[in-house]
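Chemist: Let me see the structure of the following:
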Amino acid sequence: MDQTRLARALDAVVEDAVNAVGVDLNTASASLLARVSGLGASLAEAIVAHRNANGAFQTRRELLKVSRLGPRTFEQCAGFLRIPDGKEPLDASAVHPEAYGLAKKIVAACGRDVRSLMGDSAKLRALDPRAFVDDSFGLPTVKDILAELEKPGRDPRPEFRTAAFADGVDDIKDLKPGMLLEGTVTNVAAFGAFVDIGVTRW
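Modeler: Here you go, the predicted structure:
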C-alpha cells in the first residue's frame, strides 16, 4: 500500500470530520486544532500554549490574543471552534461570529434569551426566515442559523454504519484478483493497513 496516499487519505478524512463537526477550543490537542480550516501546526501550537498560560478561552474573540493569529485567520477558523458553557452562548454553536448580529435579531424577534431559545423547535419553526433576509445575509444563511439554534451542536455526520462483508467470501480461497470488498481497518502499520474483510484466518 502506498504510504503517501494512505497518509493523505487519512488526513483528508480527519480534516473533513473536524470542519463538519467542529472542535472544542478548550480541550482539543494541537494536532487536532491543526486540522481546522485556516489553522496550521504552528498556530495550533500557539493556541494550546496560550490556553496553558492563560486558562480556558471564555469567548471565540479571545483567539485574537493568540500570538500571530490575526483577523483574517480568525474569520477562517472561528466557525469551526466551539466553546461549550462560555460567556457567549453562540460560541457553542456553528454560527459564525460575523453572523451573531443576525442570530441575535432572530432571538429578539422571539422575545427570549438566547440560551432559553436554543433547542425550542416549535418557536423557531414558527418564524418566517424571509423576514430576516437583508443586504448582508441571504435566505440560505438565515435558514442555517435557524437550524443551528434549533439543534445547537448537532452532529452532522450520518449514522455510523459497520462494514458489510460480502456473501460467499468466507475463506482465503474465495478471494480473486481484482475483487472490491468492504472491510474494517483493524490496524495501521508503517508498511500498510490490516483490513478485516470477513475471511477466516488461515
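Chemist: Show the pLDDT at Thr200.
Modeler: According to the predicted model, the pLDDT of Thr200 comes to 72.
Chemist: need the contact list for it.
Modeler: Contacts of Thr200 were listed using Cβ atoms under 8 Å, 6 or more residues apart in numbering, and they are 170-172. For the C-beta atoms, the positions are set from N, CA and C on the backbone; glycine is no exception.
Chemist: Quick check: neighbours of the strand or helix carrying Ala193 in the sheet, parallel or antiparallel?
Modeler: Following DSSP states H and E, one finds Ala193 within strand 192-196. Partner strands and pairing direction for strand 192-196 (DSSP bridges) are strand 184-189 (antiparallel).
Chemist: CA atoms only for the partner strand, dumped as CSV, please.
Modeler: Written as CSV, here are the backbone C-alpha positions of strand 184-189 (Å, rounded to 0.1, in the frame of the first residue of the first chain):
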residue,chain,number,x,y,z
THR,A,184,-12.9,-2.6,8.6
VAL,A,185,-9.4,-1.3,9.2
THR,A,186,-8.2,-3.0,12.4
ASN,A,187,-4.7,-1.7,12.5
VAL,A,188,-2.3,0.6,10.6
ALA,A,189,1.4,-0.1,10.4
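Chemist: Quick one: mean pLDDT for it?
Modeler: Rounded to a whole number, the mean pLDDT of strand 184-189 is 85.
Chemist: chain center to that strand: distance?
Modeler: Once both centres are worked out by Cα atoms, centre = their mean, to the nearest Å, strand 184-189 turns out to sit 24 Å from its chain's centre.
Chemist: and what of stretch 95-110?
Modeler: In terms of Cα atoms, centre = their mean, the centre of stretch 95-110 is set 21 Å apart from its chain centre.
Chemist: if you average pLDDT over the strand holding Ala193, what comes out?
Modeler: Across strand 192-196, the average pLDDT comes to 86.
Chemist: Distance from that strand to the middle of the chain?
Modeler: Averaging C-alpha coordinates over strand 192-196 and over its chain gives two centres that are 27 Å apart (Cα atoms, centre = their mean).
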